[in-house]
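Enquirer: Build me a model:
(2 chains)
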Amino acid sequence: MDYFLELLLGGLTRGSIYALIALGYTMVYGIIQLINFAHGEIYMIGAFTALIVAGVLTLLGWNHVAILVIASLVAVIYSSAYGFTVEKLAYKPLRHAPRLSALISAIGMSLFLQNYVLLAQTSDFLPFPSLIPEFKFLIPYAHIIRSSEVVILVTTTAVMILLTLMIKFTRIGKAMRATAQDRDMAMLVGVDVNRVISVTFIVGSATAAIGGVLIASHIGQINFYIGFIAGIKAFVAAVLGGIGSIPGAVLGSLVLGWTESFFTGYVSSDYEDVFAFLFLVFILIFRPSGILGRSETEKV
Amino acid sequence: MLPSLAEIKKSLLTSIWFMFLTFPVMVIRVNTIYKTVEWRWWNLFFVGIGSFFLSFLWRYLIKRKETGQKKVQSGSAPRKPLLQSALDKPQIFIPALIVLAVFTIAFPFLFSMYQTNIMVNALIYIVIGLGLNIVVGLAGLLDLGYVAFYAVGAYSYALLNYHFGIGFWTALPIGAGLGFLFGILLGFPVLRLRGDYLAIVTLGFGEIIRLILENWNEFSFGPSGIANIPRPGFFGIDFSLHQSIIFIYFMMIGLVIFTIFVVNRLQDSRIGRAWIALREDEIACQAMGIDKTKTKLTAFALGATWAGMGGVVFAAKTTFINPASFTIWESIIILCIVVLGGMGSIVGVITGALTLILLPEYLRAFSEYRTLLFGVILVGMMVFRPGGIISTVRRTYQFEAPGNKNEKR
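Expert: Have a look, this model is predicted:
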């Protein structure tokens, strides 16, 4: 029973992280119908920035909570800045080009960012300082849940709620929904579409950065390549839930997190990644629009 | 012409923005094990200067592209590229072809074994690049798992040889056939998907095949791979190493010519025109009665056939294969070849393969920056020159009005 609970909570944690990344995919896709391949790299840069800031501050002897807060903040700011710049450089000039071009450009950007971090930093795995303190009240349950998992779950929930509020009630959220529905029409009624797209990239990158910091301090090590596989899996999650739909992304991530956790726990861990990919293939074949997505017919 | 003050200000702002952006990653390097921090302020300076000048270039290129688009819209016909119009004239084309042929034949005797070896590599990439060109360039399907079929070819030769002692020349058609079969098997379920999903699913398939090869020890010998794969023979003649490389070189030249011939014929055939039409507009295509799935599937499977063939040659050339040769990175190199050269253009793909495979070999000093540069190439080509270095000239009918036949068009 304990093992089951451990897997259940492990899957939930995994799913939450996927959700934080998948949100960026799904929001960007909803607005400009582009799979932002470089999104995983934004997440990786967030984790790296946090590592760098935390490293410097640890040497200055700050206390852990302050470091965690500042490192996350800097990571969020930098990831957003990267997301914004990537959009301006690699996607904006291709807004009216065929979709294939934008996709190839996104792959190029992903390759570039990976190697940029590889060359400027290192190819080794770097240990990430464990910034999240161990909570005293959790010690009796330590074999089931770690305190970092609690932090991840709480943070993810908070981010989700904030994001939902933002999209539902703020002005920019309304503009985002309008742009997602019909870009030309939104433009006609005076929505600054370029600004909306920029904001979408910034928000998506910020949530990815939060995910990056959390997972890095949970697992305890990062390298330049973590963005690739995490990005792919988050994408699987987004598609599973129905790409373009925000609750769908969360649901899809949780489903993927759980299935992966149980699969590796009970069946085999060698084929963990194979399983994620096969899962994606099956979803796309049998239900291309995902769990919560609406099936769209293409209009001429 | 000096740039105006506003331009300089813009570039200055860009440069400050990039200095801010790259600050933590470029300047600070923390070593969490030894607890040391390294500050590399020089990098900040380089980034500042570099982005200042690059931003001028960026704006200039964007502007040029926009004016180019306007010209096309306003009706003045796009100029034929210089190279293309030169090659259209037989008095230039035939001597050029002869020079090329002489050079190709003389190459292995003029240059060292090492260089011939690199050239063979480039030739393999030309063949599989042309194969991917069918899928990406002609049919417009982004296949990121192309390397999976390459792996299928390589492993089919290696395993058939290991278990049954089958020789290279028998394995070559078998590898090609297996590539074709896998293309259909993998293509069938996924080709109903829209373009961008297809990219991810094929990427997934590529990774699945690699992971299976890595983990299924009984079948593929896992990460340690298969060694001692025989080189291709020729009616039982024993070759020395050097001779054998020269032989592979000429065999590859033959294979390249064969590929060019087939792709060229395919391009102009009914199915080739259907691919191009499908790339341009799926819905219109279906309305014209083209079977979408079947057309896509043929493109996918034919592309895979060439990858399978390339894989067999690769295995025979290196005599050792393991799953590390078939990563996603390999798929991206091949994609880069097609994109850089010009999607859909045979000459373009050849140019792309020669550039991307030969240049890094001779620019060893910059080899660290190779992958970084590949990323830049993909983005830059898409933004500024989506057609590639040598873009295809689309076949158009030239109408001549009956009365004015003498008038030059």
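Enquirer: Chain A: strands as residue ranges?
Expert: A:126-127, A:221-222 (DSSP state E).
Enquirer: Tell me which of those strands lies nearest to chain B.
Expert: When the strands of chain A are compared by C-beta to the nearest C-beta, strand A:126-127 sits nearest chain B, at 5.1 Å. In short, each C-beta sits where N, CA and C put it, glycine included.
Enquirer: That closest one - contacts with which helices or strands?
Expert: Here strand A:126-127 touches strand A:221-222, going by 3 or more C-beta pairs under 8 Å, 6 or more residues apart in numbering or on different chains; DSSP states H and E.
Enquirer: is chain B contacted by the strand it packs on?
Expert: No - between strand A:221-222 and chain B, judged by C-beta under 8 Å from any C-beta of the partner chain, nothing touches; the nearest distance is 9.4 Å.
Enquirer: Contacts for stretch A:164-182, please.
Expert: Residues from elsewhere that reach stretch A:164-182, judged by C-beta atoms under 8 Å, 6 or more residues apart in numbering or on different chains: A:27, A:30-31, A:185-186, A:189, A:191-193, A:195-197, A:199-200, A:203, A:244, A:246.
Enquirer: switch to 10 Å and redo it
Expert: Here stretch A:164-182 makes contact (C-beta atoms under 10 Å, 6 or more residues apart in numbering or on different chains) with A:27, A:29-33, A:163, A:185-193, A:195-197, A:199-200, A:203, A:244-247, A:250.
Enquirer: ok, for the residue of chain A found nearest chain B, nearest residue in space, not its chain neighbours?
Expert: Nearest residue of chain A to chain B, counting by C-beta to the nearest C-beta: residue A:108, 2.6 Å away. With C-beta to C-beta, 6 or more residues apart in numbering or on different chains as the criterion, residue A:108 has its nearest non-adjacent residue at 2.6 Å, and that residue is residue B:378.
Enquirer: Quick one: name the residues of the stretch 101-250 of chain B near chain A.
Expert: B:136, B:140-142, B:144-145, B:186, B:188-190, B:192-212, B:214-216 (C-beta under 10 Å from any C-beta of the partner chain).
Enquirer: mind redoing it with 8 Å?
Expert: Proximity of the stretch 101-250 of chain B to chain A, by C-beta under 8 Å from any C-beta, involves residues B:136, B:140, B:142, B:144, B:189-190, B:192-197, B:199-201, B:203-205, B:207-208, B:211-212, B:215.
Enquirer: Buried only: go through those for me.
Expert: B:136, B:140, B:142, B:144, B:190, B:193, B:195-197, B:199-201, B:203-205, B:207-208, B:211-212, B:215 (16 or more other C-beta atoms under 10 Å in any protein chain shown).
Enquirer: check contacts around residue B:336.
Expert: Contacts of residue B:336 (C-beta under 8 Å, 6+ apart): B:352, B:356, B:374, B:377, B:378.
Enquirer: how about these in CSV, adding secondary structure and neighbour count?
Expert: Output for those, formatted as CSV (DSSP: H, G, I helix; E, B strand; the rest coil; neighbours: other C-beta atoms under 10 Å in any protein chain shown):
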residue, secondary structure, neighbour count
B:352, helix, 29
B:356, helix, 22
B:374, helix, 24
B:377, helix, 19
B:378, helix, 25
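Enquirer: And these, which is closest to chain A?
Expert: Comparing the contacts of residue B:336 against chain A with C-beta to the nearest C-beta places residue B:378 closest, at 2.6 Å.
Enquirer: Residue B:59 contacts residue B:6, doesn't it?
Expert: No - using C-beta atoms under 8 Å, residue B:59 makes no contact with residue B:6, being 11.1 Å away.
Enquirer: Comparing those two, which shows the higher neighbour count?
Expert: residue B:59 (15 against 8; other C-beta atoms under 10 Å in any protein chain shown).
Enquirer: any idea of the mean pLDDT for the one helix or strand that one maps to?
Expert: Using DSSP states H and E, residue B:59 falls within helix B:41-73. On average, the pLDDT along helix B:41-73 is 81.
Enquirer: Same check on stretch A:223-239?
Expert: Mean predicted confidence for stretch A:223-239 is 84.
Enquirer: pLDDT weak spots in the stretch 51-200 of chain A?
Expert: A:136, A:138-144 (pLDDT under 70).
Enquirer: about what we covered before: save the contacts of residue B:336 as JSON lines, and put in pLDDT too.
Expert: Listed next are these as JSON lines, based on pLDDT from 0 to 100:
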{"residue": "B:352", "pLDDT": "86"}
{"residue": "B:356", "pLDDT": "83"}
{"residue": "B:374", "pLDDT": "83"}
{"residue": "B:377", "pLDDT": "84"}
{"residue": "B:378", "pLDDT": "84"}
